[in-house]
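[1] Compute the structure for the input listed below.
(one chain, ligands or ions: 1)
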Amino acid sequence: MLSGSNTASGVAAMAAYYQRFDPAAYLQYNYTPPRADFERKDSIVPWKLACLHRAFNEGDVSGELLVDIGSGPTLYQVLSGCEVFSKVLLTDFLEVNREELKHWLQDDGGCNLDWTPYLQHVCKLEGRRYDQKAAKLRQVITDILPIDVHRPQPLAHDALPSAGADCLVSCFCLESVSPDLAAFTRALGHIGRLLRPGGHLLLIGALGESYYFGGPGVKIPVVPLTEAQVCDSLKESGYTLIRLEVYTLPQDMRVGVDDVTGVFFAKARKD
Ligand SMILES: Nc1ncnc2c1ncn2[C@@H]1O[C@@H](CSCCNC[C@@H]2Cc3ccc([N+](=O)[O-])cc3CN2)[C@@H](O)[C@H]1O
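    Below is the predicted model of the structure:
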């Protein structure tokens, strides 16, 4: 187990693990079938996309600026939000992930995953024509910034307007970058400072995960969360929970890349 919560050594140990993170392998492990099988009702990615579609489109989420916290090398988390917000910021700790996202934005053929099935699936949910989604995304994603959720100010001081973001989305990040539960809760508070009061947080994460592979042989420790801990941490860090949904992994979704037992989706509002 890593040493104490948010101590320099605990956080530094996590940062050291991430020096070996391999975006291409990570995408292969989690964002291809069976976990991303758009023909299967019980596949994880369609479940996540349905949660995000509903959360962005039920009338209470609005504003100009959406910030994705810890984007990693993935885009799926903003496919619905890009129709609601005029500005979207992607963020990640690692240069290799920011580069992966830039490849997609610049459409330079350097991507390690074809996002077409994802865009098609979300357009089907929205009843929208597919051929405008990529252009819309490239139009609203205005920057890809470095972030560290363990800093009280996770982004550069001039990254956001003074009022803050209108909405945050964060998927599978906080629990897998924190040395323990206290650091996870503190990180929730840090990202909350980026959000205006009354703004929404859409948080997706792993339940019961104690490790995952961020590449071949790159075993990264994770804070194993329960639903109750997620609810308590949100409350403790200044959010009001609106809805919590849980997906339990069927046996054949447990493919050996982690020991996840479930996935949670939380929609919350900053007090
Ligand atoms: N201090 C930091 N601040 C912000 N971001 C940071 C920091 N350190 C690293 N990062 C950044 O955060 C990371 C985000 S990827 C974290 C992976 N999370 C676990 C993985 C994901 C996953 C996906 C799908 C499914 N499923 O069931 O379908 C299960 C699971 C469970 N395993 C990475 O981009 C790193 O670059």
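[2] In contact with the residue most central in space within the chain, which residues?
    In the chain, the residue lying closest to the centroid (C-alpha atoms, centre = their mean) is residue 171, at 2.0 Å. With contacts taken as C-beta atoms under 8 Å, 6 or more residues apart in numbering, residue 171 has the following neighbours: 48, 68, 70, 72, 74, 76-77, 203-205. All C-beta spots, glycine's among them, are computed from the backbone N, C-alpha and C.
[3] Go back to those residues and keep what's next to the ligand.
    70, 72 (C-beta under 6 Å from any ligand atom).
[4] how long is stretch 73-85 from one end to the other?
    21 Å (C-alpha to C-alpha, to the nearest Å).
[5] Please tell me how far that stretch is from the chain's geometric centre.
    From the chain centre to the centre of stretch 73-85 is a distance of 10 Å (C-alpha atoms, centre = their mean, to the nearest Å).
[6] for the stretch 1-150 of the chain, what spans make up the helices?
    For the stretch 1-150 of the chain, helices defined by DSSP state H, counting those that start in this stretch occupy the ranges 8-18, 23-30, 44-56, 95-106, 116-126, 133-140.
[7] which strands and helices sit next to the fifth one?
    Yep, that's helix 116-126 we're talking about. helix 44-56, helix 133-140 (3 or more C-beta pairs under 8 Å, 6 or more residues apart in numbering; DSSP states H and E).
[8] Verify the stated contact: residue 105 with residue 140.
    No: the criterion here is C-beta atoms under 8 Å, and residue 105 misses it with residue 140 at 10.9 Å.
[9] between those two, who's got more neighbours?
    Set side by side, residue 105 and residue 140 show more neighbours around residue 140, with 19 against 16, by other C-beta atoms under 10 Å.
[10] how about that one, what does it touch?
    Per C-beta under 8 Å, 6+ apart, neighbours of residue 140: 82, 85-88.
[11] same question, residue 80
    49, 52-53, 55-57, 122, 125-126.
[12] buried ones in the top strand by length along the chain?
    Identified as the longest strand of the chain according to DSSP state E is strand 195-207. For strand 195-207, burial by neighbour count (16 or more other C-beta atoms under 10 Å) applies to 195-196, 199-207.
[13] Parallel or antiparallel, list what pairs with that strand.
    Sheet pairing of strand 195-207 (DSSP bridges) gives strand 165-171 (parallel), strand 262-270 (antiparallel).
[14] Please identify which pair of the buried residues of strand 195-207 lies farthest apart.
    With C-beta to C-beta as the measure, no two of these lie farther apart than 196 and 207, at 28.8 Å.
[15] sorry, back to before: sort out which one of the buried residues of strand 195-207 lies nearest the ligand for me.
    Proximity of the buried residues of strand 195-207 to the ligand (C-beta to the nearest ligand atom) peaks at residue 206, which lies at 4.4 Å.
[16] Mind listing the residues bridging to the closest one?
    residue 263.
[17] So which residues on the chain come close to the ligand?
    Looking at the ligand, the residues of the chain close enough under C-beta under 6 Å from any ligand atom are 18, 21, 30, 35, 44, 70, 72, 92-94, 97, 147-150, 172-173, 176-177, 206, 209, 212, 258, 260, 263.
[18] now the buried residues of strand 195-207 as JSON lines including pLDDT and distance to residue 248?
    Shown next, in JSON lines, are those (pLDDT from 0 to 100; distance: C-beta to C-beta, whole Å):
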{"residue": "195", "pLDDT": "98", "distance to residue 248": "29"}
{"residue": "196", "pLDDT": "98", "distance to residue 248": "34"}
{"residue": "199", "pLDDT": "98", "distance to residue 248": "30"}
{"residue": "200", "pLDDT": "98", "distance to residue 248": "25"}
{"residue": "201", "pLDDT": "98", "distance to residue 248": "23"}
{"residue": "202", "pLDDT": "98", "distance to residue 248": "20"}
{"residue": "203", "pLDDT": "98", "distance to residue 248": "18"}
{"residue": "204", "pLDDT": "98", "distance to residue 248": "15"}
{"residue": "205", "pLDDT": "98", "distance to residue 248": "14"}
{"residue": "206", "pLDDT": "98", "distance to residue 248": "12"}
{"residue": "207", "pLDDT": "98", "distance to residue 248": "9"}
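[19] I'm done for today, thanks for sticking with me.
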